[in-house]
Every structure is written in C-alpha cells, then in structure tokens.
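Peer 1: Predicted model and sequence below, questions to follow.
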Amino acid sequence: MKTKLSVLFLILASVANTFGQTKTNLEIINALISQSVAHADSILGGKQTINLKVETPSALEVLKPKIFEAFIAKGYSIKTGTDLSEKSVDYTLFTVKTEYENSYSDGIFGGTMVERNVMLDASLIIKSGDKPIMPVQFHKEYLDTVNLNNIHAVENQVLPFTHAELPSLPLLSNLWEPIIVVGTLTVTVILLFTVRSK
C-alpha cells in the first residue's frame, strides 16, 4: 500500500512540475528565432549548403550562435565565405523586446498576474549569385501571462533584452485581500465569544 502511495505521489509531483514551469524570456526568444528560421526554410526550399551571414545590433550579439544553430537544426550546411555557386542568406536581427502589460489579480488569493509579450523583428535576404531572390521581413510574437512573483525567475540578469518595466499594480484588488482576511478574523472572534458566552 505504501509503495502504491509513493508511486502515486511521484507521478503527481512530476505532472505538477511539468505543467508548473514557466518559460524564461530567453527560452521564448530562442523559440521565436527558431520560428523565423522555419519560415526562412519554407522559402529556401529545404536542406542545402548556404553562405550564411548574420547581422545583429551589438546588444544582441549573444543570439548569433542560436541563429546559426537553428539553421543547422533545419539540415543546412553552413558556409561563411562568399562562394557564388551557393545560395547566400543574409539574416538580420533588428530588435528583440520584452514587455509586461495589464496587471490583474488572479482570484482573491491567486496573486498578481501580468501579460508578457516577447517580440522579435528580423529580415532575410536570399541571393543566388549576386542577385537578390526575395527579401522577407519577420515579426514574431509570444503572448502569455506570468505571476508577478516569478518575474525575477523568467528574466536573465545579464541580458537587458529579457527585462522590461512592470506595469502599475491594480490598487483596488490588492486592498480586498487584507480586508477579507481581517473581516473573516473579526467575524470568527465575535462568533467564538458569542457561542462561548451562551
């Protein structure tokens, strides 16, 4: 019986852990990069050898390896030279931005939630020889909600583009929780003394 209970507890704990983890802002940015490369893949037409040139602002240099990795994961052989016999791909990452908006209370004791919006803007120019085939602009977004108490866990302290200003907190909903707690305690004390006196 104890064995069955411990197995059930382990299963429940692993399920709760699986569903309870919030993606970090950097994980979402990496996923958006992969989505943009998947879009590029549909234009390029599948696995082949390409000359890949990646440009980013200096603040986003740290994301360059992820862009190369995403192309390799799609099955491309990467060259960084200027071999005109291969297709040339210029991938430019313009902006990566995180925003928090619209804070609200998640039930009476659920905590404060904020909407998280992570955005990526990039462009792709495919060249055959020295002639551009098709310039493409990408705008990718990811929108979800996170608990205000988890913001420090989803941001990366050394990467500014994973940070954003927090929205103003809902004042009225924050006042209700202490009022309900104090009211409940007051009613409980009154009932306790009323019942004991009878």
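Peer 2: Nice, thanks for sending it over.

Peer 1: Test for you: state the pLDDT assigned to Ala16.
Peer 2: pLDDT, Ala16: 43.

Peer 1: How about the one 10 residues further on?
Peer 2: Looking at Leu26, its pLDDT reads 95.

Peer 1: Buried residues, the host helix or strand of it. List them.
Peer 2: Leu26 is part of helix 25-44, with elements assigned from DSSP states H and E. Using 16 or more other C-beta atoms under 10 Å as the test for burial, helix 25-44 gives 25-26, 28-37, 40-41, 44. Glycine gets a C-beta too; all of them are placed from N, C-alpha and C.

Peer 1: Same check on stretch 136-146?
Peer 2: 136, 138, 140, 142, 146.

Peer 1: Quickly list what the closest residue to Met134 other than its chain neighbours is bridged to.
Peer 2: The shortest distance from Met134 to any residue other than its chain neighbours is 5.4 Å, reached at Ile126 (C-beta to C-beta, 6 or more residues apart in numbering). Following DSSP bridges, Ile126 is listed with bridge partners Val89, Met134.

Peer 1: residues near Gln21, how many?
Peer 2: Neighbourhood size, Gln21 [other C-beta atoms under 10 Å]: 10.

Peer 1: circling back: how about residues contacting the helix holding Leu26?
Peer 2: For helix 25-44, the external contacting residues (C-beta atoms under 8 Å, 6 or more residues apart in numbering) are 23, 50, 63, 66-67, 70-71, 73-74, 76, 87, 89, 91, 93, 96, 98, 116, 118-120, 122, 124, 126, 134, 136, 138, 140-142, 154-156, 159, 161-162.

Peer 1: how far does that helix sit from the chain's center?
Peer 2: Averaging C-alpha positions (C-alpha atoms, centre = their mean, to the nearest Å) puts helix 25-44 13 Å from its chain's average.

Peer 1: cool, and stretch 139-151?
Peer 2: The chain centroid and the centroid of stretch 139-151 are separated by 6 Å under C-alpha atoms, centre = their mean.

Peer 1: CA atoms only: put it into PDB for me.
Peer 2: Extracted in PDB, the C-alpha atoms of stretch 139-151 (Å, rounded to 0.1, in the frame of the first residue of the first chain):
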ATOM      1  CA  HIS A 139       7.700  39.900 -36.900                       C
ATOM      2  CA  LYS A 140       7.200  37.100 -34.300                       C
ATOM      3  CA  GLU A 141       5.400  37.500 -31.000                       C
ATOM      4  CA  TYR A 142       4.700  35.300 -28.000                       C
ATOM      5  CA  LEU A 143       2.000  36.400 -25.600                       C
ATOM      6  CA  ASP A 144       1.100  34.800 -22.200                       C
ATOM      7  CA  THR A 145       0.700  35.600 -18.600                       C
ATOM      8  CA  VAL A 146       3.100  35.200 -15.700                       C
ATOM      9  CA  ASN A 147       2.800  35.600 -12.000                       C
ATOM     10  CA  LEU A 148       4.400  38.900 -10.800                       C
ATOM     11  CA  ASN A 149       6.400  37.000  -8.100                       C
ATOM     12  CA  ASN A 150       8.000  34.900 -10.900                       C
ATOM     13  CA  ILE A 151       9.300  37.800 -13.000                       C
END
